[in-house]
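Participant: Okay, here's the prediction I keep looking at, along with the sequence it came from:
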Number of protein chains: 2
Amino acid sequence: MSIATVSRVHRDAKLVAPATRERVHRAVAELDYRPSRLGRSLAHGQHDATGIVFPDLSGPYYSAVILGYEEASSAEDQSVLILATHRRAASTRQVLDLADRVDGIVLFGRTVDDEVVEALERRRVPVVLLARPIAGSADSVRAESRSTATALTTHLFEHDYQRVAFLGDPHGSPDAAERWDGFLDAHRADRRRPWRSAIPCGFREEDGRGAASELLAEANRPDAIVCANDEIAMGVLAAARARDLAVPDDLAVTGWDDIPAARHLAPPLTTVRQPMLDLGRRAAELLRDRITTHRTEPQHELLPTELVVRSSCGCSHDTKEE
Amino acid sequence: MSIATVSRVHRDAKLVAPATRERVHRAVAELDYRPSRLGRSLAHGQHDATGIVFPDLSGPYYSAVILGYEEASSAEDQSVLILATHRRAASTRQVLDLADRVDGIVLFGRTVDDEVVEALERRRVPVVLLARPIAGSADSVRAESRSTATALTTHLFEHDYQRVAFLGDPHGSPDAAERWDGFLDAHRADRRRPWRSAIPCGFREEDGRGAASELLAEANRPDAIVCANDEIAMGVLAAARARDLAVPDDLAVTGWDDIPAARHLAPPLTTVRQPMLDLGRRAAELLRDRITTHRTEPQHELLPTELVVRSSCGCSHDTKEE
DNA sequence: TTGTAAGCGTTATCAT
DNA sequence: ATGATAACGCTTACAA
């Protein structure tokens, strides 16, 4: 029996007579035969796989996004390739390289710059931008940040804090940039001037701790700190403890992301909840749509976020509620 | 000029005369030509990619393992395919499917059972087992759990707790099983009988909270709880707060993993630090070695863990130290 | 319904 | 040093 018949059985059993189909199945079982993905992909011109590129992978934030992405992808029988660029010099090459192993690619945050997005589009690789400003005609998925950052900052103003600092790097991350913008909006609305400009800071706990210990050592220290994410906030909490500053009485602290630990910190952290799973999931879905429908007009999604008030901002907060 | 020449230029420029090489480069630039990975892989018989399979992806634990794995892999120019099985019925098919997209595969924890490992070996797919009992002749990488669990439990005995519970599912996870075994060892060494058998519980915070709120509602409640990981411990902390039980005075709690949040909890969590990055990294290295050297005898690695005593166990702990 | 054969885009072996 | 050409393992007209 011919190889074509075997192929037919694999793709659509109905194309082949029941008797022959049986023979094929027996032979397959006997020889423990497995069709090669490579051969199939080459002939079919499809990888049945997509890639997702992160700037980094540490922390619960990324893992939740991956979770959502993987779930949606494997529900569609698409394999997931993952890459972290870590600000490496080779990032561009690696991303381009990844691009020709997949049918489409998701770019998260500040991984590569706009030129690369355009290069990918020239190669006809569908691209979805995740938590990253729009570029070219790629799709995008983001969580609303700016207005919630304004709400958060305004909330602090209502507590009457006077020296409100912002810990995070607007130039290093689009997310931080939006939160900083919302922070500024709140100042404008309240006719205030920012106490000082954004204090650059990475997204990890150590970064927050380092920045905060310097900041809190100054003579004129802040009475509130808005952190670009929860891990930075944890670092600030540690730095405050180290200087015997009570939170929120001596210093209010807020985070961003509402990681699982946030509600268990001392004190429970006021923060902003992001739909991290949905971010990953929607990115996968949009990408899939682009690939299968060959849609060409970009589609942009903005997912809502939610202010979660606990007690690190100065509110009294009954921990039993949650 | 012929296609063979172009191929030669791509693989080893020295094989071709400088003049022709130049012509090739110009043509490549002009036509924006990219060699196809698929073609290359098919001819070469290699994917230059490996897969890693997780039972789940939530929490900081997995993300650290992925981080280590991705780092080591991409340093060797190997792409990483990721799959989460989520105890799905289709897991076996998905893993087998993944297997023929890659040159080798890492299986984490209780993702698929031994038969699948053997099936993979029959197909000549190199396999590394991560945080999972040995099977077939696959390599393995694990973190030492049992003796550290004994040390942890013994430490609790020294605080003189009488009713020590274990929250975790020895039947559901090899990791939990080892920790439970170490827990039992400590009892034997101290000539104690376990207060009660292991209380099955998933690895997420909600699982811990749920199990603990039932447990703490009982008339005869434990005075110490050993949790199979930090997230369960966070759930227990929440349940204790909800019942106005003071930790560690009314109830001691310990975790496992030393996630970044552990030191910031109220109270700071006594736990066990695992070399999560190294787990991922070593798995990648072993797999790579298997693939390139065609080594056939299995190699097994046991990475050390470290007891981290903070204050949730009843020790006085100066938070400024860390 | 099934077989034949021409791709798919490389690499690798021969010749030249 | 370079060009032909046969794999690699599939899919898919087209023929039978």
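Facilitator: It's in.
Participant: CA-only coordinates of the lengthiest helix in chain A in CSV, if you can.
Facilitator: Criterion DSSP state H: the longest helix present in chain A is helix A:276-293. The C-alpha coordinates for helix A:276-293 follow below in CSV (Å, rounded to 0.1, in the frame of the first residue of the first chain):
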residue,chain,number,x,y,z
MET,A,276,-2.9,38.6,33.9
LEU,A,277,-4.4,35.3,32.7
ASP,A,278,-6.6,37.2,30.3
LEU,A,279,-3.7,39.1,28.9
GLY,A,280,-2.1,35.9,27.9
ARG,A,281,-5.3,34.3,26.8
ARG,A,282,-6.4,37.2,24.6
ALA,A,283,-3.0,37.6,23.0
ALA,A,284,-3.1,33.9,22.0
GLU,A,285,-6.6,34.3,20.7
LEU,A,286,-5.9,37.4,18.7
LEU,A,287,-2.8,35.9,17.2
ARG,A,288,-4.7,32.7,16.3
ASP,A,289,-7.3,34.9,14.6
ARG,A,290,-4.7,36.8,12.6
ILE,A,291,-3.1,33.6,11.5
THR,A,292,-6.2,31.8,10.4
THR,A,293,-8.2,34.6,8.9
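Participant: Stretch A:295-315 near chain B anywhere?
Facilitator: No: using CB under 8 Å from any CB of the partner chain, stretch A:295-315 never reaches chain B; the gap is at least 11.3 Å. C-beta coordinates here come from the backbone N, C-alpha and C atoms, glycine included.
Participant: what's the neighbour count on the one residue in the stretch 201-322 of chain A that gets nearest to DNA strand D?
Facilitator: Going by CB to the nearest atom of the strand, DNA strand D is nearest to A:Thr292 of the stretch 201-322 of chain A, at 14.6 Å. For A:Thr292, the count of nearby residues is 12 (other CB atoms under 10 Å in any protein chain shown).
Participant: about what we covered before: with just CA atoms, put the following helix or strand past the longest helix of chain A into CSV.
Facilitator: Scanning forward in sequence from helix A:276-293 by DSSP states H and E, the next helix or strand is strand A:300-303. Extracted in CSV, the C-alpha atoms of strand A:300-303 (Å, rounded to 0.1, in the frame of the first residue of the first chain):
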residue,chain,number,x,y,z
HIS,A,300,-6.3,46.6,19.9
GLU,A,301,-7.6,45.5,23.2
LEU,A,302,-7.6,47.2,26.5
LEU,A,303,-8.4,45.1,29.5
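Participant: And the pLDDT for the residue lying closest to A:Ala177 once chain neighbours are set aside?
Facilitator: Of all residues not flanking A:Ala177 in the chain, A:Pro170 sits nearest, at 4.1 Å (CB to CB, 6 or more residues apart in numbering or on different chains). pLDDT, A:Pro170: 96.
Participant: swap in the one 5 residues further on?
Facilitator: Each residue has a pLDDT score; the one for A:Asp175 is 92.
Participant: what's the answer for A:Pro60, then?
Facilitator: Note on A:Pro60: pLDDT of 82.
Participant: How about the residue in the stretch 1-150 of chain A that chain B sits nearest to, nearest residue that isn't a chain neighbour?
Facilitator: When distances are taken as CB to the nearest CB, the stretch 1-150 of chain A reaches nearest to chain B at A:Ser63, 3.6 Å away. The spatially closest residue to A:Ser63, leaving aside those adjacent along the chain, is B:Ser63, at 3.6 Å (CB to CB, 6+ apart).
Participant: Then A:Ala176?
Facilitator: Distance criterion CB to CB, 6+ apart; nearest residue to A:Ala176, sequence neighbours excluded, is A:Gly168 at 4.0 Å.
Participant: From chain B, how far off is the one you found?
Facilitator: 17 Å (CB to the nearest CB, to the nearest Å).
Participant: wait, what's in contact with that residue?
Facilitator: Listed by CB atoms under 8 Å, 6 or more residues apart in numbering or on different chains, the contact partners of A:Gly168 are A:Ala176, A:Arg179, A:Trp180, A:Ala198, A:Ile199, A:Pro200, A:Cys201, A:Phe203, A:Cys227, A:Ala228, A:Asn229, A:Ile232.
Participant: Turn those residues into TSV, including neighbour count and distance to DNA strand C.
Facilitator: Shown next, in TSV, are the contacts of A:Gly168 (neighbours: other CB atoms under 10 Å in any protein chain shown; distance: CB to the nearest atom of the strand, whole Å):
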residue	neighbour count	distance to DNA strand C
A:Ala176	28	40
A:Arg179	28	43
A:Trp180	24	44
A:Ala198	21	46
A:Ile199	18	48
A:Pro200	16	43
A:Cys201	25	44
A:Phe203	26	38
A:Cys227	32	48
A:Ala228	34	43
A:Asn229	30	42
A:Ile232	30	45
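Participant: restrict these to contacts with DNA strand D.
Facilitator: With CB under 7 Å from any atom of the strand as the criterion, no member of those is in contact with DNA strand D.
Participant: Out of the residues you listed, which is nearest to B:Ser2?
Facilitator: A:Phe203 (51.0 Å; CB to CB).
Participant: Doesn't the closest one lie inside a strand?
Facilitator: No: A:Phe203 is assigned coil when assessed by DSSP: H, G, I helix; E, B strand; the rest coil, not a strand.
Participant: For A:Met276, see how far away it is.
Facilitator: Separation of A:Phe203 from A:Met276 (CB to CB, to the nearest Å): 14 Å.
Participant: can you check A:Leu269 too?
Facilitator: 16 Å.
Participant: Who has more neighbours out of those two?
Facilitator: The neighbour count for A:Leu269 versus A:Met276, taken as other CB under 10 Å, is higher for A:Leu269 (29 against 23).
Participant: Lovely, talk soon.
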